[in-house]
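Participant: 3D model of this:
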Amino acid sequence: MRPIAVSVLLTALLSTFAASAAEPLLPQAKAYESSDDWRRPVAPFQIAERTWYIGTEGLSALLVKTDAGAVLIDGGLPQAADMLLARMRELGVAPSDLKLILHSHAHIDHAGPIAAIQRATGAQVVSNAESAVLLARGGFGDLHFGDGMLFPAPRVDRLVMDGETVELGGVAFTVHFTPAHTPGSMSWTWTDTKAGKPLRIAYVDSLSAPGYQLVDNPRYPHIVDDYRRGFAATRALPCDLLITPHPDASGWKLRESTTPTTLTCRAYADKAERAFDKTLSEQTAARGKGGR
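Facilitator: Residues are numbered from 1 along each chain as shown. Next up is the predicted model:
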């Protein structure tokens, strides 16, 4: 039996390491499977003087280092928690140095590790009222996905209003409500420095509607109105550099380059609205024919 057990173990290890010669993929979650790029770590790299990318190939996580501690923006999947803590240490940020956790929206692939990071660091979680309710549920009863994307529920320490600023160590993070992908979706802007010049970074939430019911949705009657508000708010953002929770959503292919080459905020909103209008038209037509 021992040779068989060893053979099974070796096969599992080879499968884990095959996708990346540098580092293994993060493990699959037992209840929620995700694509490999969402679990493929990339070495941390600098975007601007204070801003670093510490996420995976397919899911963004940003670390902003200030004179009074660090800020984490989004985290990816729940199984990314240990990786994120290790990345922080690599960049000289001890767990006690992390002071704030900001996020985009309350789905497993972005808010998944927040609770674990919060426990390990004592950092304060900042959210808005809509997302705070969703975070407290840990994905249970999601408007669009039901109970299929559960994650550990963090504690929200501070609620913010649209346009409010959260400051740490001389860096001001402004929240912009962009209700589209979720009712509580948030985008964040701050000013960093690159090559001696100010750089206005916009971390803009997802604007997609994957499989959502847009017509006559009984649980979300004003979903179309909210999407329109989200598109308009995104177009108005201060935006020298756009970064999105899914890098490829804004045209950034991390496998090809760690230099962000992305759409403008306006182009990002325009592209998303065209896709939204197409889906809305298709659902409206189907509804008119007696479909759903």
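
Participant: using PDB, write down the CA coordinates of the helix or strand that contains residue 85.
Facilitator: Element membership for residue 85 (DSSP states H and E) is helix 81-90. The C-alpha atoms that make up helix 81-90 are tabulated as PDB, following Å, rounded to 0.1, in the frame of the first residue of the first chain:
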ATOM      1  CA  ALA A  81      -5.000  35.100   3.000                       C
ATOM      2  CA  ASP A  82      -1.700  33.400   3.900                       C
ATOM      3  CA  MET A  83      -0.200  34.500   0.600                       C
ATOM      4  CA  LEU A  84      -1.300  38.100   1.100                       C
ATOM      5  CA  LEU A  85       0.300  38.200   4.600                       C
ATOM      6  CA  ALA A  86       3.500  36.700   3.200                       C
ATOM      7  CA  ARG A  87       3.500  39.300   0.500                       C
ATOM      8  CA  MET A  88       3.100  42.100   3.000                       C
ATOM      9  CA  ARG A  89       6.100  40.800   5.000                       C
ATOM     10  CA  GLU A  90       8.200  40.600   1.800                       C
END
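
Participant: how about the contacts made by residue 109?
Facilitator: By C-beta atoms under 8 Å, 6 or more residues apart in numbering, the contact list for residue 109 reads 34, 38, 59, 76-77, 149, 245. No exception for glycine: its C-beta is placed from N, CA and C like everyone else's.

Participant: does the closest residue to residue 41 other than its chain neighbours sit in a helix, a strand or a coil?
Facilitator: In space, and not counting its chain neighbours, residue 41 is closest to residue 23: 4.9 Å by C-beta to C-beta, 6 or more residues apart in numbering. At residue 23 the chain is in coil, as set by DSSP: H, G, I helix; E, B strand; the rest coil.

Participant: picking up where we left off before, pull the most distant pair out of the contacts of residue 109.
Facilitator: 149 and 245 (14.3 Å; C-beta to C-beta).

Participant: so for those two, which sits in the more crowded spot?
Facilitator: residue 245 (28 against 20; other C-beta atoms under 10 Å).

Participant: check which residues of the longest strand seen in the chain are buried.
Facilitator: Ranked by residue count, the top strand of the chain under DSSP state E comes out as strand 186-194. The neighbour-count check on strand 186-194 (16 or more other C-beta atoms under 10 Å) flags 186-192, 194 as buried.

Participant: turn those residues into JSON lines, columns for pLDDT and distance to residue 136.
Facilitator: Converted to JSON lines, the buried residues of strand 186-194 look like this (pLDDT from 0 to 100; distance: C-beta to C-beta, whole Å):
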{"residue": "186", "pLDDT": "98", "distance to residue 136": "16"}
{"residue": "187", "pLDDT": "98", "distance to residue 136": "21"}
{"residue": "188", "pLDDT": "99", "distance to residue 136": "21"}
{"residue": "189", "pLDDT": "99", "distance to residue 136": "26"}
{"residue": "190", "pLDDT": "98", "distance to residue 136": "27"}
{"residue": "191", "pLDDT": "98", "distance to residue 136": "32"}
{"residue": "192", "pLDDT": "98", "distance to residue 136": "32"}
{"residue": "194", "pLDDT": "97", "distance to residue 136": "37"}
